[in-house]
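1. sequence and predicted structure, then a few things I'm wondering about:
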Amino acid sequence: MTSDIDLTGKLLIAMPGMGDPRFEHSVIFMCAHSGEGAMGIIINKPTVDLKLRDLLEQLSITPGQDMRNVVVHFGGPVEHGRGFVLHDYGYHSSISTLDVNQDFAMTATLDILEDLADGRGPRHVVMALGYAGWGPGQLESEIAQNGWLTCEAGKEIVFDTPDAEKWEAALKSLGVDALALSASAGRA
C-alpha cells in the first residue's frame, strides 16, 4: 500500500489501542516520508534521568557556562544509541542538517552538540536518542488501520508545550477531545 500523501513536517498522534506500548500516547514529528518509507522522532517521551549534560560527558564534550539544560527524549526504537536534534529552521550544522520545511530542521552530527554545549546552536531543540522508522507502505497501512491521526506541526506544540501535554495539544489542534477517541476503526 503506497500513498501520494507526504507527511514530512507533520505530526503523527498515536491512537488509543495502538497495541505497541513504545508508542502509547506518542506524538511523532515526521522528518521524512516518501515511497521508500518514513522516519520520525517521538517528541513527548523524555528519558527518565538522562540530560544533555550527561550525554556530553559520555562523548567527552565539555559543557560551557552558557549551556542550557536540555532534556533527552526517547526518539523511537530504531538506533536508540544515535542522537538526533530536531530544531527550528535557521541553524545549519557545518557538516549536515536536513531542512524539513520552513519551520523545522534536523541535525544528527556531533557539531550541533558542541554548539549546544557552548551555548550556541539553535534556540529551540528537541534532543532525542533513536527514531521511529517505517518501511515502504507500512505507515500508510497503520494509518488506515486507525493507528495514527495526523496534524500540522506547530512550533508551539513541538517546542513550547510541556511533554506531558503534547498528545492532548496535538489532538486539540484537530478539534478532537481525547475522551472521545475509540480504539477501534469504523468501516463504511
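-> Arrived safely, thanks for sending.
2. can you give me the helices in the protein?
-> 52-58, 110-117, 138-144, 155, 166-173 (DSSP state H).
3. residue nearest the centroid of the protein?
-> Nearest to the mean C-alpha position of the chain, by CA atoms, centre = their mean, lies residue 41 at 2.8 Å.
4. skipping its backbone neighbours, what lies nearest residue 119 in space?
-> residue 66 (2.6 Å; CB to CB, 6 or more residues apart in numbering). C-betas here are computed from N, CA, C, even on glycine.
5. so, low pLDDT: which residues of the chain?
-> Counting by pLDDT under 70, the chain contains low-confidence residues at 1-3, 182-188.
6. mind doing that once more with 50?
-> 1-2, 187-188 (pLDDT under 50).
7. that one: strands as residue ranges?
-> Here the chain has its strands, by DSSP state E, at 10-14, 27-34, 37-42, 46-51, 71-74, 78-88, 98-99, 104-107, 125-134, 148-152.
8. buried ones in the fourth one?
-> It stands for strand 46-51. 46, 47, 50 (16 or more other CB atoms under 10 Å).
9. residue 107 versus the last one, what's the distance?
-> What it means is residue 50. Between residue 50 and residue 107 the computed distance is 19 Å (CB to CB, to the nearest Å).
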